[in-house]
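Chemist: have a look; sequence and predicted model below, questions after that.
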Amino acid sequence: MNVGIIGLGLIGGSLGRAVKAKTEHRVFGMDINPDAEEKALLLNAIDRTLSDEEYGELDILIYAVTPRIFAGANDTNGASGGNGTKGADGVRAAAGRLKDGAVILDVAGTKAVITAEMKKLTKEYPTLEFVAAHPMAGREFSGVNYSSPSLFERASILLVPVKAELDTLAALKKFFVGIGFDCVRFTTSEEHDRIIAYTSQLPHVLSSCYIGSPTAEFHYGFSAGSFRDLSRVARMNAEMWTELFTENKENLLFELDGMLARLKEMRDRIARSDTDGLKELLSSNSAKKEALDKAGRAWKKKNKE
């Protein structure tokens with residue numbers, strides 16, 4: 001099978017390296033940055049750069065770029081967050097070059113813009129198949145330099161079918177499991193963006209705000225695992241995350257408003273020295289975390305069988 005990847009950053013590079021390391025598929029890659037293409041070749045993330053003539057040979061084309069770039073809404077030079085296409089036309093420019101039955105995927109962090117564009121293209125290119133995807137894996141670093149063939153091991157991937165045959169979805173599930181994913185979960189664009197606002201975007205907001213404290217400058221020697229865990233993702237690609245936050249702002253604002261209310265409740269109990277109320281709140285949330293962990297282990301076991 002021939003796999004094309006547009007955007008050779010952390011995720012695109014890791015996908016290519018995983019495919020190369022664990023399958024016999026050929027990988028063709030492209031990035032707006034020639035250095036990223038050269039490094040991808042050196043890291044064995046791709047077999048060769050993707051030329052215009054080779055689109056017609058692809059079975060799968062994966063866009064590892066932001067939603068705006070996917071939809072062709074680039075602001076300046078076609079790049080966003082270090083990944084991009086050569087040209088500002090996004091997925092539309094590639095769709096007309098692909099063979100019948102080829103599958104177009106993306107791996108962006110929000111799905112509303114992606115699936116809307118895919119739905120438009122299904123009418124123009126009825127012989128193509130479209131699936132939005134989101135690998136639940138990453139690092140606080142960006143760029144192909146930090147890519148890894150093991151990034152997706154034991155991770156889950158979310159798939160939002162826009163137009164795909166059942167056989168295609170089964171083949172995609174086999175493909176992703178084959179490169180290390182532990183779980184493949186199908187969802188909708190709406191459910192994806194609603195839950196991702198909580199599981200991914202809210203932690204990035206909190207981490208950024210946490211590291212913004214002036215006390216952070218004095219943490220050396222005073223910090224351990226708690227500081228490391230909470231501050232880890234404060235190091236982020238600001239351009240990419242700004243786009244994701246604003247595109248999913250209704251869901252994210254819901255989570256932020258809830259967090260602010262819970263913080264105020266906690267603050268008020270501390271301010272009143274309400275020890276009984278504080279212990280009750282801490283115990284309740286601790287028990288909830290324990291129950292969620294137990295349910296998560298059961299869910300994971302069930303979905304691996």
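Modeler: That came through fine. Residues are numbered from 1 along each chain as shown.

Chemist: break this protein into its domains for me.
Modeler: Listed by automatic domain parsing, the domain ranges of the chain are 2-187, 188-252.

Chemist: which stretch among the ones you listed comes nearest S273?
Modeler: With Cβ to Cβ, the closest approach to S273 among the domains of the chain belongs to domain 188-252: 22.3 Å. No exception for glycine: its C-beta is placed from N, CA and C like everyone else's.

Chemist: ok, which stretches of this structure are strands?
Modeler: 2-6, 26-30, 48-49, 60-63, 79-80, 83-84, 103-106, 129-135, 156-163, 183-186 (DSSP state E).

Chemist: now the fourth one: how far from the chain's centre is it?
Modeler: Distance of strand 60-63 from its chain centroid, counting by Cα atoms, centre = their mean, to the nearest Å, is 14 Å.

Chemist: mean confidence for it?
Modeler: For strand 60-63, the mean per-residue pLDDT is 98.

Chemist: what ranges does this protein have for its helices?
Modeler: Counting by DSSP state H, the chain has helices at residues 10-22, 34-42, 67-70, 90-95, 112-124, 166-178, 189-196, 202-211, 225-231, 238-247, 249-271, 275-304.

Chemist: okay, the ones you listed in a markdown table with distance to S156 and mean neighbour count next?
Modeler: As requested, the helices of the chain are exported to a markdown table (distance: least, Cβ to Cβ, whole Å; neighbours: other Cβ atoms under 10 Å):
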| stretch | distance to S156 | mean neighbour count |
| --- | --- | --- |
| helix 10-22 | 14 | 25 |
| helix 34-42 | 25 | 17 |
| helix 67-70 | 20 | 25 |
| helix 90-95 | 24 | 20 |
| helix 112-124 | 18 | 18 |
| helix 166-178 | 9 | 15 |
| helix 189-196 | 12 | 19 |
| helix 202-211 | 16 | 16 |
| helix 225-231 | 20 | 12 |
| helix 238-247 | 19 | 18 |
| helix 249-271 | 19 | 14 |
| helix 275-304 | 9 | 11 |
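
Chemist: I'd like the ones you listed laid out as TSV, including distance to F28 and mean pLDDT.
Modeler: Formatted as TSV, those follow (distance: least, Cβ to Cβ, whole Å; pLDDT from 0 to 100):
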stretch	distance to F28	mean pLDDT
helix 10-22	9	96
helix 34-42	10	96
helix 67-70	18	94
helix 90-95	12	92
helix 112-124	20	96
helix 166-178	16	97
helix 189-196	28	98
helix 202-211	32	97
helix 225-231	38	95
helix 238-247	24	95
helix 249-271	35	98
helix 275-304	32	92
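
Chemist: tell me which of the ones you listed lies nearest to A137.
Modeler: helix 10-22 (7.9 Å).

Chemist: quick one, the closest one and strand 129-135 angle?
Modeler: With axes from the mean of the first three to the mean of the last three Cα atoms, to 10 degrees defining the directions, helix 10-22 sits at 100 degrees from strand 129-135.

Chemist: and the angle for helix 10-22 with strand 26-30?
Modeler: Compare the direction of helix 10-22 with that of strand 26-30 by the same axes, to 10 degrees and you get 160 degrees.

Chemist: CA atoms of helix 10-22 as PDB?
Modeler: Provided in PDB are the C-alpha atoms of helix 10-22 (Å, rounded to 0.1, in the frame of the first residue of the first chain):
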ATOM      1  CA  LEU A  10       5.900  15.500  15.200                       C
ATOM      2  CA  ILE A  11       2.700  13.600  14.300                       C
ATOM      3  CA  GLY A  12       3.300  13.300  10.500                       C
ATOM      4  CA  GLY A  13       6.900  12.300  11.100                       C
ATOM      5  CA  SER A  14       5.900   9.800  13.800                       C
ATOM      6  CA  LEU A  15       3.200   8.300  11.600                       C
ATOM      7  CA  GLY A  16       5.700   7.800   8.700                       C
ATOM      8  CA  ARG A  17       8.300   6.300  11.000                       C
ATOM      9  CA  ALA A  18       5.800   3.900  12.600                       C
ATOM     10  CA  VAL A  19       4.500   2.800   9.100                       C
ATOM     11  CA  LYS A  20       8.100   2.300   7.900                       C
ATOM     12  CA  ALA A  21       9.200   0.400  11.000                       C
ATOM     13  CA  LYS A  22       6.200  -1.900  11.400                       C
END
